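Trainee: just a sequence and a predicted model for now, questions to come.
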Amino acid sequence: MANGAQKVTVRLADIFAARARIAGIARRTPLVPSQALSARTGGEVRLKLETLQDTGAFKVRGAANAVLSLSDAARARGVVTYSTGNHGRAVAYVAQRSGSQATVCVSRQVTQGKIAALEATGCRLRIEGNSQDEAAQLAAQLERDEGLSVIDPINDADVIAGHGTLGLELLEDMAEVDTVVVPVSGGGLISGVALAIKAANPDCRVVGVSMDRGAAMFESQTAGEPVLVEEVTSLADSLQGGILLDNKYSFAMVRDFVDEIVLVDEDQIARAMAHAYWNERLILEGAGATPIAALITADRAKFGERIALVLTGNAVDGAVLADIALRHRHAVAPAAHSRAA
């Protein structure tokens, strides 16, 4: 995607510093082989299980680095963030662990299951507006009015560096990896991971994946600048939201370090969730399943022979997952089982 280099304000050294800082809060997650996907694709496929973080998603990495980078006085005043669910839960979790108080701003688009999970953290929850951009505006207002520190899921170098620790782990566990597939929303995760990967191996392909409706980073990269997108209901609800028109980091980092972004539709996401359930024995939310969807439906030429899929989270309603798993059982499981036998 690169169309000209730009000075990067997140450095590899920041990622190494983040790893030391967050070690007591974020887990080092396993990178496990997938026999079913390896047999299906003819390559070696491994799964990075961020679902095993205490909050159920990768977001705790960036949240921990950002909150723990604040001064004691700033943490005492409290932190505020905006979120489609997982980031807010991570910020609230880290704030509680570090003696701070979190306010989480969400839009009315956030699912009731994620609202309930946020309420369980004890954070102060503010529900306002119909998009993540409107939730971001509320967070900025609370920063001005109450002196809170914003932990931004997109425009925060510390968050991106924290997420980059995932890339360090992946390289240590699979040094020969030639393709890394990462879900893309605002770009905070893939920016940090891509920086870590490309610094070690510029030839390794970093492929982003998003839903085919309201994919803000894809649309922005196509336009050559950050653009607004309409939020549309999707199984991959964690990927909803824009990248902010004043994007300071992730737009340029995705442009310079990410090789391609592929899109998957709702049926492909559902089939990937069903595959994870029946074949990998994993519970994945729609966003977390998008790398599997891309691998089993996109042009095989997009991927190498040694592939790592970053499975980002497990925040899915049980009834929704049960319905998807039953509807797609015969379309997904038997064929994959027979190939893996």
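Mentor: Good, I have the coordinates.
Trainee: if I look at residue 236, how far off is residue 212?
Mentor: 10 Å (C-beta to C-beta, to the nearest Å). Where C-beta positions appear, they are placed from N, C-alpha and C, glycine not excepted.
Trainee: those two - which one has more neighbours?
Mentor: residue 236 (27 against 16; other C-beta atoms under 10 Å).
Trainee: got a list of what the more buried one touches?
Mentor: Residues counted as contacts of residue 236 (C-beta atoms under 8 Å, 6 or more residues apart in numbering) are 183, 210-211, 269, 285-287, 289-290.
Trainee: so what touches stretch 214-233?
Mentor: 1, 3, 107, 109, 130-133, 184-187, 208, 210, 213, 234, 239-247, 250-251, 254-255, 261, 263.
Trainee: quick one, domains of this structure?
Mentor: 12-58+157-340, 60-150 (automatic domain parsing).
Trainee: got these as TSV, with mean pLDDT columns?
Mentor: Below are the domains of the chain laid out as TSV (pLDDT from 0 to 100):
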stretch	mean pLDDT
domain 12-58+157-340	93
domain 60-150	92
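Trainee: rewinding a little: among the contacts of stretch 214-233, which lie within strands?
Mentor: Under the assignment DSSP state E, the contacts of stretch 214-233 contribute 208, 210, 261, 263 to strands.
Trainee: among these, which one has the most neighbours?
Mentor: residue 208 (31 neighbours).
Trainee: so that one touches residue 255, yeah?
Mentor: No - the pair residue 208 / residue 255 is not scored as a contact, 11.3 Å apart, by C-beta atoms under 8 Å.
Trainee: quickly note the distance from residue 325 to residue 265.
Mentor: Taking C-beta to C-beta, one finds residue 325 at 18 Å from residue 265.
Trainee: filter the contacts of stretch 214-233 down to the buried ones.
Mentor: Buried subset of the contacts of stretch 214-233 (neighbour count, 16 or more other C-beta atoms under 10 Å): 107, 109, 131-133, 184-187, 208, 210, 213, 234, 239-244, 247, 250-251, 254-255, 261, 263.
Trainee: contacting residues around stretch 292-306?
Mentor: So stretch 292-306 is in contact with 37, 40-41, 43-45, 174, 176-179, 181, 205, 207, 209, 260, 262, 264, 268-269, 271-272, 275-276, 284, 307, 309, 311, going by C-beta under 8 Å, 6+ apart.
Trainee: how about stretch 107-127?
Mentor: The contact list for stretch 107-127 (C-beta under 8 Å, 6+ apart) reads 83-86, 88-89, 91-93, 95-96, 101-106, 128-132, 134-135, 138, 142, 231, 233, 237, 240, 315-317.
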